[in-house]
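1. what's the 3D shape of this:
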Amino acid sequence: MKSLKPIRIFTASTIFIFSSLSASEKKSMSDYLPEDSLFAWEVDHWNELQEEFSQSPWGEIAEFPAWGKIQKWIGENWAEGLKGFSEKEKGELEDFYEQVHLPLWESLNGGLAIAVGQIERSFENEVVKWKNEDGGNSKWQALGLPQISLIAQSKLSEQEFEEMMDWVKEWIKNKQTGKSWMEKSTIEGAKIHWIGHTKSQELNTIPAKDTMIAFSFHEGMFLILSGGEEHVEETILRIQGKSKASTLSESVQYQDAFDAIEKGQARAFINFKKLISFFEQIQKMPNFKFPENPLGITFDGLINGLGLKGLDHFAMQIDFEDHEFSIAQGLFMNEREGLLAFLNPVGSNVELYDFCPANAIGVSTFRLDFAEMWTTVEKTLARVSPGLGLLLNSQIQAFEDQAKLSFRKDLFGSLGDEGASFSYLNLSASGEVDLSNPSSALYAISLKDPELFDRTLRSLLDVVSPGSDLFQEREHQGVLVRSMRGQGGGTSLSYALKDRWLLLSMGEER
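-> Numbering: from 1, shown residues only. I've put the predicted structure just below:
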């Protein structure tokens, strides 16, 4: 495999401004996940993460009065959503919350991991038909479930878990819908509780347990698994340290990614190769047909033209240690073709600029060759479909000839390779966060030729909308700010040029 270099997007310079031992305790949670996982998310210690989060800058944000209002709003809408349920159904949901959800949540005392893989298993399907008691016809389309793993360290005892599963079994039985059933098995010494559709017992082409969800508690680990008996068995063996199958922690991609950006306290990982493989399998399905079109765009042409096959994997980590907050992410690629060409490295490292505002909640700086943005789009569309590329180029050329301006060369060509973004909380007159419009953003892009850019943009707007002022002008501290008309309530799209920078504001004017 080619040497992969990470691109850290919008995070290279980020600040948030507010001044008996089980084997599981010795391992990373990724040691229990399959190597071929498409997506994984893991936390080293859930309780510690929550505690350190509360002491971090984000914890200070969580204390804002606005969040109490948001929680109240969520509660009111949740109650509104339950109006369609009968009193019996509401009681059943409350019982499940109190008897199962809450005890499990409160029992978490260590690592937590979620992973998804082999999503192509969902292509497996079978229809089961039967006669209702009233003589009518019914059917159920069974689908194979992908490999999903939820693994969490818990302080529950096995007896407490088994009592909980006994309660769930009675709960399902008392609902009397006849759609769900539960059975119990033992795999590698672990007790497994399977929940699925009643008619899964009548499947012929798909193993019944491929359509069911497994629940277990083994060696201090609470498990929710789907993807069939083999996946459940391998997970149990990994926990026991007996599995011979490779784990996610042994994946070269996974190791390289977190060697580059470090692990932090929690991390996420996406394997794009698995995702692209899934897309390729979709087009091989008998029922799949890409829409015919006059430009000759095909599914393969779309994937290859956009350059998506150049994506290898993505990784992100967060850390709240020492009352701080840090985040790092990396996008790893084998090649940068199509739209990915826009992510080619340029210039030197990013920096925090002197004009970064102190009242922003978030500041990010980045370097991209914005002057090549339109060229990259044109080349990408030509890769997707030569006809589409030719059509776009001819239409743009005709427009430029008629307007007597070259917006591709003079407008996009005037852009530089430095950028920054600033996030703000919008405050009401009372000083609280405006829930109707909670945030806004300001972007800064460097310019190689500010005068040419400004002249070309004004000419372009005059051509697009002759005789109509799309923007109204005002002066702010000696800088001309142009805002789009018709945006009431203080919300607008505005831009200004200051020295060698283009400033764009979306949301509340800044």
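2. contacts and neighbour counts: CA atoms only from here.
-> Fine.
3. Give the helix, strand or coil label for the spatially closest residue to residue 387 that is not a sequence neighbour.
-> Spatial nearest neighbour of residue 387, excluding adjacent residues (Cα to Cα, 6 or more residues apart in numbering): residue 295 at 5.5 Å. With DSSP: H, G, I helix; E, B strand; the rest coil as the basis, residue 295 sits in coil.
4. what sits against residue 295?
-> 385, 387-388 (Cα atoms under 8 Å, 6 or more residues apart in numbering).
5. Report the separation between it and residue 441.
-> Per Cα to Cα, to the nearest Å, residue 295 is found 38 Å from residue 441.
6. Helices along the stretch 301-450 of the chain, start to end?
-> Using DSSP state H, counting those that start in this stretch, the helices of the stretch 301-450 of the chain run over 373-384, 386-403, 450-464.
7. And the first one, what's buried?
-> This points to helix 373-384. 373-384 (16 or more other Cα atoms under 10 Å).
8. Mind exporting the C-alpha coordinates of that helix to CSV?
-> What follows is helix 373-384, C-alpha atoms only, in CSV (Å, rounded to 0.1, in the frame of the first residue of the first chain):
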residue,chain,number,x,y,z
MET,A,373,-11.1,25.4,-6.8
TRP,A,374,-12.9,26.0,-10.1
THR,A,375,-10.3,24.2,-12.1
THR,A,376,-10.7,21.2,-9.8
VAL,A,377,-14.5,21.2,-10.3
GLU,A,378,-14.1,21.4,-14.1
LYS,A,379,-11.6,18.5,-14.2
THR,A,380,-13.8,16.5,-11.8
LEU,A,381,-16.9,16.9,-13.9
ALA,A,382,-15.0,15.9,-17.0
ARG,A,383,-13.8,12.8,-15.2
VAL,A,384,-17.4,11.9,-14.2
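9. could you give the angle of that helix to helix 386-403?
-> Orientation check (axes from the mean of the first three to the mean of the last three Cα atoms, to 10 degrees): helix 373-384 against helix 386-403 gives 140 degrees.
10. Check which helices and strands helix 373-384 sits against.
-> helix 299-306, helix 386-403 (3 or more Cα pairs under 8 Å, 6 or more residues apart in numbering; DSSP states H and E).
11. Would you mind finding the most buried of the helices of the stretch 301-450 of the chain?
-> helix 373-384 (a mean of 20; mean count of other Cα atoms under 10 Å).
12. what's the domain layout of this structure?
-> Following automatic domain parsing, one gets these domains for the chain: 22-269, 346-508.
13. chain center to the last one, what's the gap?
-> Averaging C-alpha coordinates over domain 346-508 and over its chain gives two centres that are 26 Å apart (Cα atoms, centre = their mean, to the nearest Å).
14. can you check the longest one too?
-> Between the mean C-alpha location of domain 22-269 and the chain-wide mean there is a distance of 19 Å, by Cα atoms, centre = their mean.
15. returning to what we had before: need the helices of the stretch 301-450 of the chain in a markdown table (columns: mean pLDDT and distance to residue 42).
-> Below are these laid out as a markdown table (pLDDT from 0 to 100; distance: least, Cα to Cα, whole Å):
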| stretch | mean pLDDT | distance to residue 42 |
| --- | --- | --- |
| helix 373-384 | 94 | 35 |
| helix 386-403 | 92 | 43 |
| helix 450-464 | 90 | 46 |
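16. could these be laid out in CSV, adding distance to residue 222?
-> Formatted as CSV, the helices of the stretch 301-450 of the chain follow (distance: least, Cα to Cα, whole Å):
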stretch, distance to residue 222
helix 373-384, 47
helix 386-403, 53
helix 450-464, 59
